[in-house]
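> Here is the input, now give the coordinates:
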Amino acid sequence: MDRKRHREIFEEIKKELQKPEKKNNTFSKFYKSKTRRAKLLEKKYQKRLKKGIKLKISFGTLEKEKKDQDIDFRVKIAPNNIDEEFPANNNGKGGGKGIKSPEKLLEDFKKKFKEELKKDYKGAVQVFGGVTRREVKNKYRPIFDKAEPKKKKKVVVITWTIDESDPYWVKHRASLSSAREKEKIFGKLTGENSGKNLGLGLEAEMRTLPTDISQVEFARVIDSLNKDTNIGAVIVQSPPPKGLENIVKKLNPKKDLDALSGDKDKRMFKYPATSEGIVRIVEPFAEAGKKIVVLGGGGFIGEGVITMLREKGVEPHIIDPRVVDDSGYQGKDLALMKKYDIIISTVGKEGLIKGKDLKGDHTLIVDTGFVPLENVDKLTSKNVKGDVDPTAKSKTKFVTPVPGGTGPVEMAVLMERVAKLFGIEVPSWKVEADNIESKEDGARLKLKVVFDK
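Below you'll find the predicted structure:
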């Protein structure tokens, strides 16, 4: 109840500070009026909070805000994790940047790329993550090259053999593709591509184990990885063969890159890298008031997304019959998606989201499905499908494509994580919507990477 009440207080403060200031015809007067109002609101609402809960409304100096011609207020209610920034409203004069809504993004794009936006985009604008992966790698690689040799340890990625007769063939095939990408972003390419150091330049190894490996033998593998001082990071690709799940949890938490180890208190990362990548994509679109739903919230990835969003003060809803005991559970009928602006699908079922279940004006659909249709070396949009059916792509403004959407952002997250695990100092980053460009297969939205200084 406290979290709900704090959210209500935040929305009330935001509403008050975004009221237009019609009488203030200069930025200085606007600034003084808004900051004075903020202090009064801070005192007013502090009295309504329980003992031990602290409310703080902060903003930049007049000199800085005048230069940018905006005022961004930050409201923090601790310790209940309300910590958000939003722009004040100057009635069109110095109104503020904040987090732009997709509608505002499109408005800005129309001004800058008017001719391009006249073209037929053939459905939703695709949000590609490749630029994110490339920019993070380009920023981190020189730092890794200069790092002390003893810090640059080996990264091991465990995956499994694949037999098309295996009932889990599709998931294992997707897992193998993901493992190969991880091997590339951590290490140096070998063979005919040697010299093309597209990754961080570490020693990276992909170990493929048989799906019929015994529990005893797999336990030995994990124990060996834990004890090997030359190995600094390990990822065990999901899903492991049936019966091995609990053994994966015995992974050394100090080598755990993907939140798999059972000792949650000792591991550095609380959530799967995929979950974190999804949340980073959603953040530029998740302005206050946008309703978010997660399909498959009871799974490993979905659960991570839900928890991360809640920690950021966003309350997502859930469509998944496995989580009926959660306050955010809405049911299992996919038509319930019509109520939400942002849809995040973590199910992994081809064509799950169909146009008939949507309302027609969703903000964003994040598709994390990766369903190979054939067992070939190169997986592309022609032989890989996601959770979003083609009929759904005209019902949303933005959609992450498969492949090329969430996957590259997940890889960028892993690059930051391995640096932290190895004690190599790199700047953290987030993504912002950049611009729309026209391609033969439709329009693409670039995700610009912003690094901490």
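> can you pull up the bridge partners for residue 446?
residue 128 (DSSP bridges).
> OK, contacts around it?
128, 131, 433, 434, 435, 436, 437 (CB atoms under 8 Å, 6 or more residues apart in numbering). Glycine gets a C-beta too; all of them are placed from N, C-alpha and C.
> at 6 Å instead, please
131, 434, 435 (CB atoms under 6 Å, 6 or more residues apart in numbering).
> and if you look at residue 341?
290, 291, 363.
> before we move on, back to that, which of the contacts of residue 446 fall in strands?
Among these, DSSP state E puts 434, 435 in strands.
> Pull out the buried members of the contacts of residue 446.
Neighbour-count burial (16 or more other CB atoms under 10 Å) applied to the contacts of residue 446 gives residue 131.
> show me where the stretch 251-400 of the chain has strands.
Counting by DSSP state E, counting those that start in this stretch, the segments of the stretch 251-400 of the chain that form strands are 292-295, 317-319, 329-331, 342-345, 362-367, 371-372, 384-385, 396-399.
> Check those for me and report the most buried one.
The highest mean neighbour count among those, using mean count of other CB atoms under 10 Å, belongs to strand 342-345: a mean of 27.
> quick check, distance from it to the centre of its chain.
12 Å (CA atoms, centre = their mean, to the nearest Å).
> And for residue 377, the neighbour number?
6 (other CB atoms under 10 Å).
> Ok, residue 415 next?
When neighbours are counted by other CB under 10 Å, residue 415 comes out with 23.
> quick one, what contacts it?
136, 140.
> is it true that residue 71 touches residue 61?
No: between residue 71 and residue 61 there is no contact under CB atoms under 6 Å: 10.5 Å.
> phi, psi of residue 240?
Note on residue 240: backbone dihedrals following degrees, to the nearest 10 are phi -70, psi 160.
> Provide a list of residues in contact with it.
residue 248.
> now it: how far from residue 282?
Relative to residue 282, residue 240 is positioned 28 Å away (CB to CB, to the nearest Å).
> Stretch 278-288 - what's its average pLDDT?
Averaging pLDDT along stretch 278-288 gives 86.
> Show me the helices in the stretch 251-400 of the chain, by range?
Taking DSSP state H, counting those that start in this stretch to define them, one finds helices in the stretch 251-400 of the chain at 273-282, 300-311.
> Which stretch among those helices is buried most, on average?
Most buried of these, by mean neighbour count (mean count of other CB under 10 Å): helix 273-282, with a mean of 25.
> which helices and strands sit right next to it?
Counting by 3 or more CB pairs under 6 Å, 6 or more residues apart in numbering; DSSP states H and E, the packing neighbours recorded for helix 273-282 are helix 300-311, helix 406-422.
> Output those helices in TSV; the columns should cover distance to residue 157.
Below are the helices and strands packed on helix 273-282 laid out as TSV (distance: least, CB to CB, whole Å):
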stretch	distance to residue 157
helix 300-311	17
helix 406-422	10
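> Compare those helices and say which comes out lowest on pLDDT.
Among the helices and strands packed on helix 273-282, helix 300-311 scores lowest, with a mean of 92.
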